[in-house]
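> I would like to see how this sequence folds:
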Amino acid sequence: MTVMRSIKEYLIVTVGTLIVAAAVFFFMLPSHVTIGSGTALAMVLANFIPLSVSTITLLLNVVLLIIGFILIGPEFGIKTVYASILMPVILGVFERIFPDFQSITQDPLLDVLCYILVVGVGLALLFSCNASSGGLDIVAKLMNKFLRMELGKAMSLSGMLVAMTSILVYDMNIVVLSILGTYFGGMIVDHFIFGLHIKRRVCIISPKLPEIRDFILYELHSGATLNEIIGAYSGEVKQEIIVIVDKQEYRALMDYLKKTDPTAFITVYSVNEINYQPKAGAKHSVLSK
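Modelled structure (predicted):
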C-alpha cells in the first residue's frame, strides 16, 4: 500500500511538473513576461549568459538546493528535489521539439492569463503531494529563517523582485505585465490550493437543537460538537452545536435550518485545513468538548 501510494504521488508530481513546464514554455517564454519564478529569472539571465533557459534553470535549482540543504537542512524532501531537476529537463525537451516557438495567442496579456491559470493547476498538484518546483520556494524559506519573514510574504517579495528584473532587458509594458502577473498568479495558486478544499464551520444556537443535531448526524452523516454557552445579557444557559461541512452539505444544512428554525442564530467561518483522527462510528455520534 505504501509503495502504491508513493508511486501515485510521484506520478502526480510528474504530471504537475509537466503542466508547470508547459505553462512556462508555451505562454511565459514567448511573451517575455517574467512572472516571479526561478525560470523567469533564468529568462532574464539568458540575455547575458550564452546558455538556454532550461540549462540556466537547472543550474539555479541545483545551486539553490545545495544552499538550502546547507543552511536550512533536508526540509525540502526528495519530491521537491525530483521536481526541481525534472522541470528544466522537460523545458529542455520542449526546446528541442519546438525550436523558435512563437506565441500561440500573439498577445502578451493573453499569454499571461493563460500562464497563471495553467501554472496554478500544476502547482496545486505539486503542493498536494508536499512538493514544489524549487527555485524561489527555497529563497523564500531562506528569507523566512534568517529574516524572520512570513513565508507567504517572502514568496511574494522574491517573486516581485524577479519580476522587476525584466526592466533590464524588456520594455515597460512587459515589466508592468510581469509584476501584475506575479501578483494575480499568487491569487490563482491560492485559489487552486485552498479554494477547492474549503469547508465551512457552522455554529448554531436554536431551541430546536435536537432536530438539527439529528439532521446533521443521520442526514448529512457528519460529526458535530456540542458546547454549553451562557448569554451575557440574560445569563441563560444554552447549547450551541458546531459542525464542519463541505459546500454541498452546507447548502443542505442551510436549507434545512430555514425550514426548521428561521430564527436560529448562525455564524459561519471558512476552514482551509482540517487535521484530525477519525474515530470508529464518528458519523453516528456527537463529539463533545
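
> Got phi/psi on the residue of the chain most remote from its centre?
In the chain, the residue that sits farthest from the middle, by Cα atoms, centre = their mean, is S234; the gap is 44.8 Å. Main-chain dihedrals, S234, degrees, to the nearest 10: phi -90, psi -20.

> so what's it scoring on pLDDT?
Note on S234: pLDDT of 84.

> Show me where the stretch 1-150 of the chain dips below the pLDDT cut-off.
Applying pLDDT under 70 to the stretch 1-150 of the chain flags the ranges 1, 74-76, 150.

> average pLDDT for the longest strand seen in the chain?
In the chain, with assignment by DSSP state E, the single longest strand is strand 237-245. Taken as a whole, strand 237-245 has an average pLDDT of 92.

> which other residues reach it?
With contact meaning Cβ atoms under 8 Å, 6 or more residues apart in numbering, strand 237-245 is reached by 199-205, 209, 212-213, 216, 220, 222-231, 253, 271, 274. The C-beta positions use only the backbone N, C-alpha and C, and glycine is treated the same way.

> how about the helices in the chain?
All helices of the chain, identified by DSSP state H, fall at 2-23, 29-31, 38-45, 53-71, 77-97, 108-128, 136-146, 151-164, 172-194, 209-214, 247-260.

> Is it possible to get these out as TSV so that each row also shows distance to I266 and mean neighbour count?
As requested, those are exported to TSV (distance: least, Cβ to Cβ, whole Å; neighbours: other Cβ atoms under 10 Å):
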stretch	distance to I266	mean neighbour count
helix 2-23	38	16
helix 29-31	47	22
helix 38-45	45	25
helix 53-71	46	18
helix 77-97	41	19
helix 108-128	31	20
helix 136-146	38	20
helix 151-164	31	19
helix 172-194	23	18
helix 209-214	10	15
helix 247-260	7	14
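
> T267: which of the ones you listed is closest?
helix 247-260 (12.3 Å; Cβ to Cβ).

> Tell me how far that closest one lies from the chain's centre.
29 Å (Cα atoms, centre = their mean, to the nearest Å).

> Let the chain start at 48 from now.
Yep, numbering from 48; the last one is helix 294-307 now.

> What is that helix packed up against?
strand 246-252, helix 256-261, strand 312-318 (3 or more Cβ pairs under 8 Å, 6 or more residues apart in numbering; DSSP states H and E).
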